[in-house]
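Engineer: can you look at this prediction? I've put the sequence above it.
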Protein chains: 2
Amino acid sequence: MAQEKKIPYKIYLEESEMPKKWYNVRADMKNKPAPLLNPGTHQPMTAEELGGVFCEELVAQELDNDNAYIDIPQEIQSFYKMYRPAPLVRAYCLEEKLGTPAKIYYKFEGNNTSGSHKLNSAIAQAYYAKKQGLKGVTTETGAGQWGTALSMACSYFDLDCKVYMVKVSYEQKPFRREVMRVYGASVTPSPSMNTEIGKKINAEHPGTTGSLGCAISEAVEDAVKNPGYRYVLGSVLNQVLLHQSVIGLETKAALDKYNIKPDIIIGCAGGGSNLGGLIAPFMGEKLRGEADYRIIAVEPASCPSFTRGKFAYDFADTGMVCPLAKMYTLGSDFIPSANHAGGLRYHGMSPVLSQLYDDGLMEAVSVKQTDVFEAAEQFARVEGILPAPESSHAIRVAIDEALKCKETGEEKTIVFGLTGTGYFDMVAYEKFHEGKMDDYIPTDEELAEYAAKLPQID
Amino acid sequence: MAQEKKIPYKIYLEESEMPKKWYNVRADMKNKPAPLLNPGTHQPMTAEELGGVFCEELVAQELDNDNAYIDIPQEIQSFYKMYRPAPLVRAYCLEEKLGTPAKIYYKFEGNNTSGSHKLNSAIAQAYYAKKQGLKGVTTETGAGQWGTALSMACSYFDLDCKVYMVKVSYEQKPFRREVMRVYGASVTPSPSMNTEIGKKINAEHPGTTGSLGCAISEAVEDAVKNPGYRYVLGSVLNQVLLHQSVIGLETKAALDKYNIKPDIIIGCAGGGSNLGGLIAPFMGEKLRGEADYRIIAVEPASCPSFTRGKFAYDFADTGMVCPLAKMYTLGSDFIPSANHAGGLRYHGMSPVLSQLYDDGLMEAVSVKQTDVFEAAEQFARVEGILPAPESSHAIRVAIDEALKCKETGEEKTIVFGLTGTGYFDMVAYEKFHEGKMDDYIPTDEELAEYAAKLPQID
């Protein structure tokens, strides 16, 4: 029998142990995620239709519900080696501080300049754009993590990168903008005068500070109108979850190396890219009946798509130019209150995760903002890392579960995703310190009002 | 014969391979660094005198010119395991971009929340303060890296941490200040009304935005006047170089693991803590005649203590309350122009490095600010990591040396220290992008004027 090895503080895989294929959880799902629909005809989007907006190989990945493993191209593997493997960290200091018998691990994705896991998919999407001979890509960014990741990826492959940044973020987060410029991206505050939709919105709402929905619409229009460009998106899509499976595959390989079997797997969920990637291989085992895990999605109480949304077809953007997706949603014009976890302020949720949640294969909880920052600070003080507000949602629930173990005496093994660092989120920490952070939660009436506006599709 | 192993992108040591002792290069120096002098009597500072300001065990380390190896206490080893080993990265992408036959490696110290190598000494100094039963420590910070590192270390050992932050930085860098508050430090803009010297300076210069020299004086006064407090410093001192030897020891262990022998070792130099740490074991071999290396210190042209300073006794602070140190110096009231590498804007240089440089055991070059940022951006775009302006001085010279190899066809192995990340330096990057960065270099006349004011000590 294998002896139990002493677990180091950080488990790093060898390069030779890093994943060479992404894992496509859809292949093992009995109930597949519902197809994207054409917003005009309400018919399933064809590869040809999607090809006008997205790169060809990414369209193929988007539509592929059958192949469980997809080769990671050599060029992407090389890039991954620059900043991966991400460490799986044993939170010895946090365990000691909590006095819990639970064993806590976190997969830390923040050790790269984009500051989050977003780079895992950005590099893949840039690679396929380059391979297709495109000149460049367009995208939108809110808080800036995704735009930064894409800028880095495009810089590596010498692709043009046009980022539409929500105007309020562009003005309030000049540092994020500047990081993108270091990587050669052009960053345009949205709404801009570059696009028809931007001009229209500027005319109708003079002085508007923009929205993510508007920025998406501008980026899509820019891509569709300019030959040699395609649009790329950092979350929600099936292809993004596929690329992010590298998180879960590395996590599982690291755990397997030390014969560790997790009981609970926890991730924050906005559009779902981190959570979907982290849980992929574990969910695969669960779907195939090989193992069982508690899987918990954590979302902000201010934007509770899983816990209080509807499972229905909805628009991915407020401009309604994108395909319709069947997902847990609060309605495409739901405007979350100013939660500082910008990456979690999305009205919908990945169709893959939505289906899995609807099938009872995972749980979801929502947490209040101030409780999240309290956990973030507690974590920072003992584990050293200053976590992103998004990631801190998972920390909150990991701590809560570890404290339950303290009560019951159970030695559960908890794994959570630490998606990124909070270096560009200090305004939020400052508000927290000064007691100026609110905990607004939408009322049932508000949510019902948005839900009533969902498109009616069978 | 050992076969040449394929070198991975990143070499991580196993926990069991991490250093268990610091290396004290002074033990192998034929010409020892000159002792610190009492500013009043000009006699060598005794352990007793130093003990009023510094912790006891740190005083012992400061004065120890004999013991080559000093055990790293178990508690510090545990903390090191949270964020170390730091990876030794093979810069494959940079090499390819430059088209050089040189092999380039960098030791990356930025993967922790303080964003730099400063944490290596901060945790040691906090540990000894805790062990001595102190309530807390005081320090100053300019750009904020050291203050952040010390806050993290004090939080870990539950020590009070009082940081005097130069007022202009306090106001212009609220994010750094806020990170320190996450870790529970009290951050006071200097000059403050907490100390006699602060009150005096505020009275004499109403509206002053402070200086590092003033902040040091305030921190020292606060420590000396408050029972249970000592003052700690993040660079220059022998003890700090000792702690930072962990950088070089890990680097050497990683290189040895793959039978790599460097030809050139490059580090940026402000007070000298990073450079002194990186080169320590290599310099040891050189001093013992076991190996030879080219060792290059890189400093800003705006603050050229090695290349244009005097090797003489000088004050460590402008307030002249600290002991006198024999070092390469520009004069304690030299005010460098606004170079954005805040960590390199110190008038003096570590006495250990000063002696080694004077003995011809290392070289020094100075580089212009805009050339540094050009190298920083080039590096960021191919290696992914956004470097700190300080670290980018080393990048500049590493690239220059690699380009020389391209001309000569030599396959030299270059190792440089990448001390930290630039996430809090985006204002500087912005100035660079907008062509607003100056390259001021002090004139000979200016430097002579400051040099004339050096204290006259034989």
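Structural biologist: The structure has been received and is ready for your questions. Note that the coordinates shown come from a computational prediction; the quantities given were computed from them, not determined experimentally.
Engineer: what does the stretch 301-450 of chain A put close to chain B?
Structural biologist: Residues of the stretch 301-450 of chain A lying near chain B by C-beta under 8 Å from any C-beta of the partner chain: A:377, A:380-386, A:421, A:423-424, A:426-427, A:429-430, A:433. Where you see a C-beta, it was placed from the backbone N, CA and C, and this is true even at glycine.
Engineer: mind saving the C-alpha coords of the helix or strand of chain A with the lowest mean pLDDT as CSV?
Structural biologist: Lowest by mean pLDDT, DSSP states H and E among the helices and strands of chain A is helix A:167-172, with a mean of 86. Coordinates of each C-alpha in helix A:167-172 appear next as CSV, following Å, rounded to 0.1, in the frame of the first residue of the first chain:
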residue,chain,number,x,y,z
LYS,A,167,-16.4,54.1,-19.5
VAL,A,168,-16.9,54.3,-15.8
SER,A,169,-14.1,51.7,-15.3
TYR,A,170,-11.9,53.3,-17.9
GLU,A,171,-12.1,56.5,-15.9
GLN,A,172,-11.9,55.0,-12.4
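Engineer: re the thing from before, highest neighbour count among the residues of the stretch 301-450 of chain A next to chain B?
Structural biologist: Highest neighbour count within these: A:Leu386, with 28 neighbours (other C-beta atoms under 10 Å in any protein chain shown).
Engineer: SS state for the closest residue to that residue other than its chain neighbours?
Structural biologist: Nearest non-adjacent residue to A:Leu386, counting by C-beta to C-beta, 6 or more residues apart in numbering or on different chains: B:Thr113, 4.4 Å away. Classification of B:Thr113 using DSSP: H, G, I helix; E, B strand; the rest coil returns coil.
Engineer: tally of neighbours for B:Thr113?
Structural biologist: 23.
Engineer: where does the stretch 1-150 of chain A dip in pLDDT?
Structural biologist: The model of the stretch 1-150 of chain A has pLDDT under 70 over residues A:1-5.
Engineer: write out the residues of it neighbouring chain B.
Structural biologist: Residues of the stretch 1-150 of chain A found near chain B (C-beta under 8 Å from any C-beta) are A:8-10, A:12, A:14-15, A:78, A:81-83, A:92-93, A:111-113, A:115.
Engineer: farthest-separated two in those residues?
Structural biologist: Maximum pairwise distance in those, criterion C-beta to C-beta, is 34.1 Å, between A:Ser78 and A:Cys93.
Engineer: of those two, who's got more company?
Structural biologist: Legend: neighbour count by other C-beta under 10 Å for A:Ser78 and A:Cys93, higher for A:Cys93 (20 against 14).
Engineer: okay, now the closest residue to chain B within the stretch 151-300 of chain A: neighbour count?
Structural biologist: Closest contact between the stretch 151-300 of chain A and chain B, by C-beta to the nearest C-beta, is at A:Phe175 (3.8 Å). For A:Phe175, the neighbour count with other C-beta under 10 Å is 20.
Engineer: give the buried residues for the helix or strand containing it.
Structural biologist: For A:Phe175, the host element (DSSP states H and E) is helix A:174-182. Residues A:Phe175, A:Arg176, A:Arg177, A:Glu178, A:Val179, A:Met180, A:Arg181, A:Val182 are the ones in helix A:174-182 that count as buried (16 or more other C-beta atoms under 10 Å in any protein chain shown).
Engineer: which is the next helix or strand following it?
Structural biologist: strand A:186-190.
Engineer: for that following strand, packing partners?
Structural biologist: In terms of contacts (3 or more C-beta pairs under 8 Å, 6 or more residues apart in numbering or on different chains; DSSP states H and E), strand A:186-190 is packed against strand A:160-166, helix A:167-172, helix A:174-182, helix A:212-225.
Engineer: if we use 10 Å, what do you get?
Structural biologist: strand A:136-141, helix A:145-157, strand A:160-166, helix A:167-172, helix A:174-182, helix A:196-204, helix A:212-225 (3 or more C-beta pairs under 10 Å, 6 or more residues apart in numbering or on different chains; DSSP states H and E).
Engineer: quick one: which of the ones you listed is nearest B:Asn274?
Structural biologist: Between B:Asn274 and those, the tightest spacing by C-beta to C-beta is seen for helix A:174-182, at 22.4 Å.
Engineer: pretty sure A:Val352 sits against A:Ala27.
Structural biologist: No: between A:Val352 and A:Ala27 there is no contact under C-beta atoms under 10 Å: 11.3 Å.
Engineer: higher neighbour count, the two?
Structural biologist: Between A:Val352 and A:Ala27, counted using other C-beta under 10 Å, the more crowded position is A:Val352 (26 against 16).
Engineer: with adjacent residues omitted, what lies nearest to that one?
Structural biologist: Distances taken as C-beta to C-beta, 6+ apart put A:Pro33 closest to A:Val352, at 4.9 Å, once the chain neighbours are dropped.
Engineer: try A:Ile260
Structural biologist: Spatial nearest neighbour of A:Ile260, chain neighbours left out: A:Thr413 (6.1 Å); criterion: C-beta to C-beta, 6+ apart.
Engineer: residues contacting A:Gly52?
Structural biologist: Contacts of A:Gly52 were listed using C-beta atoms under 10 Å, 6 or more residues apart in numbering or on different chains, and they are A:Val59, A:Val220, A:Ala223, A:Val224, A:Arg230, A:Tyr231.
Engineer: buried subset of these, written for PyMOL?
Structural biologist: Buried subset of the contacts of A:Gly52, written as a PyMOL selection, criterion 16+ other C-beta under 10 Å:
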select buried, chain A and resi 59+220+223+230+231
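Engineer: would you list the phi and psi of the residue of the stretch 301-450 of chain A found nearest chain B?
Structural biologist: Nearest to chain B in the stretch 301-450 of chain A, going by C-beta to the nearest C-beta, is A:Met426, at a distance of 3.9 Å. Per-residue torsions, A:Met426: phi -70, psi -20 (degrees, to the nearest 10).
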